[in-house]
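1. Provide a 3D model corresponding to the input given below.
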Amino acid sequence: MKSFIALATLSALSATPAMAGPYVNAEVNSGWAGSDWAGSATDLHVGYEGTAGAVSYYLQGGPQVQASNGGGDNNTELSGKVGGSIAASEDVSVYGELAFATTDTDNNNYGTKLGVKWSF
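-> This next block holds a predicted model:
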């Protein structure tokens, strides 16, 4: 169950902050199996973002409160992400992200994201 929550959290972590400089980001990611709630992960991150020419970047991390269905396995772990984007043209950008969340076992969770955004 914890792996599912962490994986759902890592795949959902994609919001890039809008302001340059330091920021605080609180985010809740939840998962369901059919209509059954599987759990939630709440990230309470502090981060920094910036730009350099056509490149924008961000780095954030902090505690992640994990709540599973049944409430017995709730715990707090460390999570974070780093990512950015590059303007390939006026209308196209390429972006990527690397995220992680620790677990109470030796199997920490990692996730990646890579994409292309075309604005029109």
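2. Read off the pLDDT value for Thr16.
-> Thr16 is assigned 44 on the pLDDT scale.
3. What distance do you get for the nearest residue to Ala26 once chain neighbours are set aside to Asn108?
-> Nearest non-adjacent residue to Ala26, counting by C-beta to C-beta, 6 or more residues apart in numbering: Leu44, 5.6 Å away. Using the backbone N, CA and C atoms, a C-beta is placed for each residue, glycine as well. Separation of Leu44 from Asn108 (C-beta to C-beta, to the nearest Å): 18 Å.
4. Cross-check the contact I'm expecting between Ala101 and Asn109.
-> Yes - using C-beta atoms under 8 Å, Ala101 and Asn109 qualify as a contacting pair, with a distance of 4.8 Å.
5. Please identify which of the two sits among more neighbours.
-> Ala101 (25 against 19; other C-beta atoms under 10 Å).
6. give me the beta-bridge partners of the more buried one?
-> Ala101 has the following beta-bridge partners by DSSP bridges: Ser79, Asn109.
7. now Asn25
-> Where Asn25 sits in a bridge, its partners, by DSSP bridges, are His45.
8. quick one: low-confidence parts of this structure?
-> 1-19, 70-72 (pLDDT under 70).
9. Strands of that one, residue ranges please.
-> Assigned by DSSP state E, the chain shows strands spanning 21-33, 36-52, 55-68, 75-87, 92-101, 109-118.
10. Tell me who's in contact with the closest residue to Glu77 other than its chain neighbours.
-> In space, and not counting its chain neighbours, Glu77 is closest to Thr102: 4.5 Å by C-beta to C-beta, 6+ apart. Counting by C-beta atoms under 8 Å, 6 or more residues apart in numbering, Thr102 makes contact with Glu77, Leu78, Ser79, Asn108, Asn109.
11. Great, nothing more from me.
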